[in-house]
Structure formats: C-alpha cells, structure tokens
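Peer 1: Sequence first, then the predicted structure:
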Amino acid sequence: MKPSARRFAEYLQSAFGAEPGSVRLFALGRGSHGRGYRAAFTQGDARRKVIIKALDKNIGLGHDYPSDRAGVFLLASETYGKFPSHVKALDVLSMQPTGQAVSVSGGAEYYLVMEEGEGVSYFEDLREMRALHELRRQDRGRVSALARFMASIHAKKKDAPELYLRKVRDIIGHGECLMGVFDTYREKDRFTNLREMAAIEKACVDWRMVLKGKTGRLSRVHGDFHPGNILFNGKKSFVLLDRSRGEYGEPADDVTALCINYIFFSLMEHGKMAGAYEEALSLFYDEYIAASKDHAVNEVSAPFYAFRAAVVANPLFYPAVADGVREKLLAFAHGVLRAREFNPAKINSYISDGLRFRKRFF
C-alpha cells in the first residue's frame with residue numbers, strides 16, 4: 001500500500017503536535033532494502049523534520065511478509081537509542097487497510113488473540129491405532145480427507161522464487177526449525193551428540209543446493225501440519241490451528257509434518273514401521289499424489305523429514321519417549337538424507353541404513 005500524505009499528516013498531528021496544514025512529505029528515493037520519505041512540519045514555533053522508512057517485500061532477505069517488516073522496525077525501535085551516536089527511532093507505524101497510520105511501538109511484549117478451535121486432536125486417532133493391525137473405516141476416511149485437503153491447499157501456486165528459497169533456507173536455519181531445534185537438545189542426552197547433529201545439518205545444506213532449482217514448486221502451505229494442530233469435530237471434518245512461518249512454501253513441508261507422526265508412533269509401538277501406521281502412511285501418499293498429481297514431492301522431502309525427525313526425537317517436546325526410539329528417528333533422518341528419493345515403502349530400510357551410518361559418531 002502506498003503511503004498517503006494526508007494520513008501521515010493526520011498521524012503527525014496526533015503524535016507530534018504538527019500544526020494542521022503544515023506537513024510536507026518528500027520522497028527520498030530507494031535503497032537496496034527499501035525506500036524513505038522526509039516529513040517536514042511545524043511544531044509550535046519550530047520547524048521539524050522526521051524520516052519515515054519502508055522496506056520492500058519483493059527482494060527476499062526475509063522481508064517477505066508484513067510481520068517480517070514489522071519485526072525489523074520493532075527491533076530498530078528497541079535498539080537505535082541504546083547505541084552511542086546513533087539516530088533515535090521515534091515510533092513504528094502500521095499502515096491499516098483503510099490507509100490510517102497507527103503506532104505499534106513501545107511494547108514490552110505482544111500477544112495474539114484468536115478464536116478457540118473445538119474438536120479432538122488427531123493425536124488421539126494415532127494413539128488408538130496402536131492396538132490395530134489395520135485401519136478402521138473412520139481411520140481411512142480421515143487419512144483420505146487430510147490428504148485430499150492438503151492437495152487442494154497446495155494447488156494454489158505462486159511465482160515468487162525468493163519465497164521458495166526462503167522456505168528451504170528456513171527449514172534448516174530458522175530458530176524454530178532444524179538448527180534451532182537441535183540447539184534445544186541437552187548436553188546430558190545420550191542418544192545423540194554434537195557430531196551427529198552437525199552431520200545432519202551439513203547433509204541438509206547439501207540438499208538446499210538440490211532444491212534451489214525447484215522454485216516453481218512454491219505453493220500455499222500451512223507450515224506446521226502436525227496432529228496437535230488438527231482438531232476433528234466430525235467423522236471427516238476438522239479445524240486447524242497455528243499456521244506457521246509464512247503463507248507459501250514447499251508442499252513437502254506439510255506432507256512430512258503429518259507423516260513423520262505415523263513413523264514416530266509406529267516406532268514407539270512396534271519398533272519399526274508396521275501395522276495400521278504403515279497402512280496409514282501408504283494410504284496418505286496414494287491419496288495425496290492421486291489428488292495433487294505431485295509425483296515429485298518424494299524428490300524433495302529429505303531435509304523436511306530430517307527436520308521433523310529432529311522435532312519428534314527432542315526430549316523437550318516428547319520427554320517420555322525411550323532413547324531407542326529417538327535413535328531410530330535420527331537414523332531415519334540419516335537414511336532418508338542419503339537416499340536420492342524418498343519412498344514410503346522403505347521406512348525400515350532407511351532406519352537400518354541410518355543405524356549403520358550413525359555408528360561413526362559414537
């Protein structure tokens with residue numbers, strides 16, 4: 001949204017006591033990150049000038065979403081005045097859909113207010129699958145509903161290569177993703193060590209170079225499509241929670257967020273991929289690929305599975321899991337990262353290969 005001189009004048013009158021009719025707005029040109037404006041106005045008996053800065057959204061650099069740009073400016077508001085000889089930040093503005101400029105700076109903390117989601121977590125379905133040799137009709141219906149819903153979500157594409165590169169970069173280096181999750185592991189954890197975690201991170205960096213040529217896959221995503229964020233309120237109807245880390249990304253991020261849990265629960269119950277969980281995983285992929293026609297999703301899934309394996313193996317999130325299960329989850333990460341293409345029928349092979357590979361770290 002382009003800035004409105006009238007709206008900025010209204011803001012400056014309210015926040016700085018600018019004399020009505022005295023505000024003049026001048027464009028200063030563009031820089032590598034954005035653009036700036038000088039606002040000159042009369043305040044009492046003095047003439048005053050302030051600079052208003054905006055960031056561009058289409059250059060990458062993690063500035064893609066309005067919340068990114070807000071974060072940059074809120075940090076500037078906190079830190080400019082604490083550094084010697086630095087200009088002071090005076091306020092942070094939010095341009096509303098109406099064009100009104102509203103101050104949002106100065107907060108010591110921020111909160112999100114949202115609707116309450118009602119339903120039963122999909123984790124309950126996964127727990128009930130423990131005693132099953134094969135899926136029930138309702139289980140199959142829900143797996144199919146999730147797969148087809150996900151395919152419909154991913155059908156919306158976007159031509160924005162910088163967003164795809166960001167998603168791949170973030171899945172490795174973001175504070176909520178692989179490296180950030182590994183940084184929350186504890187020194188006392190005996191099922192892994194720094195050498196193993198570094199090897200997984202390095203392998204994912206190699207995969208990032210493979211995915212750089214896949215920017216045409218950019219799709220609408222949820223970003224954290226795991227069972228705790230899926231609440232069923234009917235046989236096949238559900239409501240979702242906590243969409244995360246941007247509006248667009250790689251479809252494999254959503255696919256792996258859900259499917260790692262079929263693997264995780266199967267390892268906890270059977271020590272391998274087996275039973276109803278194996279059937280659910282196979283059914284999901286069959287339904288998803290049939291609906292999405294995305295046969296290439298298995299060519300790009302490895303680093304996303306590595307991230308999700310690190311999440312479910314983490315004692316911070318799942319404190320009651322046996323170390324043997326955690327070891328197999330990390331072995332799965334090694335196995336899938338070493339494979340050229342993911343195959344849902346080869347989970348146990350990935351784990352076996354990964355268990356042999358990870359011996360070098362101990």
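Peer 2: The structure has been received and is ready for your questions. Residues are numbered from 1 along each chain as shown.

Peer 1: Tell me, what's the model's pLDDT at residue 260?
Peer 2: Residue 260 carries a pLDDT value of 98.

Peer 1: do the same with residue 44
Peer 2: Value listed for residue 44 in the pLDDT field: 90.

Peer 1: what stretches of the stretch 1-150 of the chain score poorly on pLDDT?
Peer 2: Of all residues in the stretch 1-150 of the chain, those with pLDDT under 70 make up the ranges 1-3.

Peer 1: Residue 52 versus residue 22, what's the distance?
Peer 2: Separation of residue 22 from residue 52 (Cβ to Cβ, to the nearest Å) stands at 16 Å. Every C-beta, even on glycine, is put in place using the N, C-alpha and C of the backbone.

Peer 1: quick one: which of these two has more around it?
Peer 2: Neighbour count, other Cβ atoms under 10 Å: between residue 22 and residue 52, residue 52 has more, with 19 against 15.

Peer 1: helix, strand or coil for the closest residue to that one other than its chain neighbours?
Peer 2: Nearest residue to residue 52 in three dimensions, chain neighbours excluded: residue 37, at 4.5 Å (Cβ to Cβ, 6 or more residues apart in numbering). Assigned with DSSP: H, G, I helix; E, B strand; the rest coil, residue 37 falls in the strand class.

Peer 1: So residue 37 sits against residue 30, correct?
Peer 2: No - taking contacts as Cβ atoms under 8 Å, residue 37 lies outside contact range of residue 30: 11.2 Å.

Peer 1: Looking at the two now, which is surrounded by more residues?
Peer 2: When neighbours are counted by other Cβ under 10 Å, residue 37 and residue 30 differ, and residue 37 comes out ahead with 17 against 11.

Peer 1: list the contacts for that one?
Peer 2: Neighbour list for residue 37: 3, 8, 25-28, 51-54 [criterion: Cβ atoms under 8 Å, 6 or more residues apart in numbering].

Peer 1: Give me the buried stretch members for the longest helix along the chain, please.
Peer 2: Criterion DSSP state H: the longest helix present in the chain is helix 251-270. Across helix 251-270, burial judged by 16 or more other Cβ atoms under 10 Å covers 251-269.

Peer 1: so what's the backbone phi/psi at the residue nearest the centre of the chain?
Peer 2: Note on the chain: the residue nearest the mean C-alpha position is residue 245, at 3.2 Å, using Cα atoms, centre = their mean. With angles defined as degrees, to the nearest 10, residue 245 sits at phi 60, psi 40.

Peer 1: How about the secondary structure of the nearest residue to it once chain neighbours are set aside?
Peer 2: Distances taken as Cβ to Cβ, 6+ apart place residue 223 nearest to residue 245, at 4.6 Å, with adjacent residues excluded. Using three-state DSSP, the three-state assignment for residue 223 comes out as coil.

Peer 1: cool, and residue 54?
Peer 2: Three-state assignment for residue 54 (three-state DSSP): strand.

Peer 1: Buried residues of stretch 277-294, list them for me.
Peer 2: 277-285, 287-289, 291-292, 294.

Peer 1: actually stretch 68-85, not the one I wrote
Peer 2: Neighbour counts over stretch 68-85 (16+ other Cβ under 10 Å) mark 69-70, 72-74, 77 as buried.

Peer 1: again, but for stretch 95-107
Peer 2: For stretch 95-107, by 16+ other Cβ under 10 Å, it's 95, 101, 105.

Peer 1: now stretch 38-56
Peer 2: By neighbour count, with 16+ other Cβ under 10 Å as the criterion, the buried positions of stretch 38-56 are 39, 41-42, 50, 52-55.

Peer 1: can you put those in TSV and add distance to residue 214?
Peer 2: Output for the buried residues of stretch 38-56, formatted as TSV (distance: Cβ to Cβ, whole Å):
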residue	distance to residue 214
39	44
41	50
42	55
50	44
52	38
53	34
54	31
55	27
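
Peer 1: Which members of these are the farthest-apart pair?
Peer 2: 42 and 55 (29.0 Å; Cβ to Cβ).

Peer 1: Show me the strands in the stretch 51-200 of the chain, by range?
Peer 2: 93-95, 101-103, 120-121 (DSSP state E, counting those that start in this stretch).

Peer 1: May I have the strands that pair with the shortest one, each with its orientation?
Peer 2: So the one you mean is strand 120-121. Sheet neighbours of strand 120-121, with direction, are listed as strand 230-232 (antiparallel) (DSSP bridges).

Peer 1: how far does the strand it pairs with sit from the chain's center?
Peer 2: Centroid displacement of strand 230-232 relative to its chain, using Cα atoms, centre = their mean, to the nearest Å, is 19 Å.

Peer 1: contacts for that strand?
Peer 2: Strand 230-232 is contacted by residues 117-122, 125, 142, 146, 238-241, 258 when judged by Cβ under 8 Å, 6+ apart.

Peer 1: hmm, 10 Å instead?
Peer 2: 117-125, 138, 142, 145-146, 149, 222, 237-241, 258 (Cβ atoms under 10 Å, 6 or more residues apart in numbering).

Peer 1: quick one, what contacts residue 178?
Peer 2: For residue 178, the contact set (Cβ under 10 Å, 6+ apart) comprises 170-172, 197, 200-201, 204, 303-304, 306-311, 333.

Peer 1: Which one of these is nearest to residue 362?
Peer 2: Each of the contacts of residue 178 was checked against residue 362 using Cβ to Cβ; the closest is residue 197, at 12.7 Å.
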